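> got a predicted structure plus its sequence, pasted below:
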Amino acid sequence: MKPTFGASTWLWTSPFDSSQTALIERIAALGFGAIELPVEDAALIDAAALAPVIADTGLKVHVCGAFGPGRDLTDPDPSVRTSTQGYLASLMDIASALGAEFIAGPMYSRVGKARQLPEAERQREWDLAVSELHTAAVAAGNRGLALAIEPINRFETDLVNTAADAVRMVRDIDHPAAKMMIDTFHMTIEESNLGDAIRHAGKDLIHVQVSENHRGVTGTGLTPWTDFRDALREINYSGSIVIESFTPDNRDLAGAVCIWKRFTASQDEFASRGLDFLQKLFI
């Protein structure tokens with residue numbers, strides 16, 4: 001089965017809010033079949049207002065979180081963990097209202113926590129993440145949703161870096177709503193073999209983001225795309241493949257992800273070229 005190709009609104013804007021309906025229509029007009037909505041601030045998202053706009057475009061919708069300061073299920077302060085659970089619940093509310101099937105992202109810990117820890121402390125944080133995510137998985141499952149847990153690179157977290165790490169976390173959470181996702185940008189830093197990592201993820205893989213090793217247009221970097229495609233076919237992956245990169249027009253966002261220059265004259269060109277590459281790759 002040919003996957004559905006999508007685009008993240010982070011390619012064009014940050015933060016996304018409910019007034020940006022023209023962007024939803026633009027993503028559909030560019031030829032994408034799915035849209036990914038990063039929810040930086042749930043208060044900016046009026047799901048009831050967005051739902052008919054998305055429905056009119058026919059786009060499949062995905063919801064992902066942004067796990068910056070104050071959103072950390074491994075924080076020793078229980079009030080921070082409680083607040084993070086509240087944020088996850090708000091993502092679930094939005095996902096349910098928009099017809100999304102899961103919430104996605106590196107939801108186990110705050111992005112940017114990359115430290116050399118004693119093994120006992122590392123295990124304590126792992127166990128805390130597992131416990132908290134089991135609670136979130138129960139809540140998600142009760143809504144008919146799943147969690148798509150994202151491994152990210154060593155410069156952004158010290159907890160879950162590889163597909164194997166994510167699979168182990170899913171196994172430890174031990175709930176049917178606990179699943180995982182991958183992002184090729186992080187994989188090109190962390191994995192020894194892209195295809196083997198995807199095959200190891202297997203049935204637990206429910207979402208895929210793509211970006212080049214340099215965060216540029218898909219097909220213009222070092223990513224072994226044929227290995228990527230072949231492995232997804234081997235595991236019968238039938239979800240979306242979403243282009244995720246970031247607009248250089250928002251200085252805070254660009255600085256956070258270290259994008260210092262434009263890859264294309266416009267973000268529409270970035271998206272269109274990436275989509276064309278993926279469509280040809282999966283012929």
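Nice, I can see it.
> pLDDT score for R262?
Looking at R262, its pLDDT reads 85.
> what about it, neighbour count?
15 (other Cβ atoms under 10 Å). C-betas here are computed from N, CA, C, even on glycine.
> where does pLDDT dip in the stretch 1-150 of the chain?
Along the stretch 1-150 of the chain, the model assigns pLDDT under 70 to no residue.
> quick one, strands of it?
Ranges of strands in the stretch 1-150 of the chain, per DSSP state E, counting those that start in this stretch, are 4-8, 34-39, 60-65, 102-105, 146-149.
> so which of those strands is the most surrounded?
strand 146-149 (a mean of 28; mean count of other Cβ atoms under 10 Å).
> pull the CA atoms of it into CSV?
Provided in CSV are the C-alpha atoms of strand 146-149 (Å, rounded to 0.1, in the frame of the first residue of the first chain):
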residue,chain,number,x,y,z
ALA,A,146,-2.6,5.9,20.7
LEU,A,147,0.8,7.4,21.7
ALA,A,148,3.4,7.7,19.0
ILE,A,149,6.6,7.9,21.1
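> show me what the helix or strand just after that strand is packed against.
Per DSSP states H and E, the first helix or strand lying C-terminal to strand 146-149 is helix 163-173. On a contact count with 3 or more Cβ pairs under 8 Å, 6 or more residues apart in numbering; DSSP states H and E, helix 163-173 meets helix 119-142, strand 146-149, strand 178-183, helix 194-201.
> what lies in contact with the third one?
Yep, that's strand 178-183 we're talking about. Contacts to strand 178-183, defined as Cβ atoms under 8 Å, 6 or more residues apart in numbering, come from residues 102, 104, 133-134, 137, 146-152, 163, 166-167, 169-170, 197-198, 201, 204-211, 244.
> could you flag which of these are buried?
102, 104, 133-134, 137, 146-152, 163, 166-167, 169-170, 197-198, 201, 204-211, 244 (16 or more other Cβ atoms under 10 Å).
> measure stretch 145-160 end to end?
22 Å (Cα to Cα, to the nearest Å).
> pLDDT at H200, what is it?
Residue-level pLDDT assigned to H200 equals 98.
> now it: how far from E234?
11 Å (Cβ to Cβ, to the nearest Å).
> residues contacting S8?
Residues near S8 by Cβ under 8 Å, 6+ apart: I35, E36, P38, C64, Q209, V242, I243, E244, S245.
> many thanks, we can stop here.
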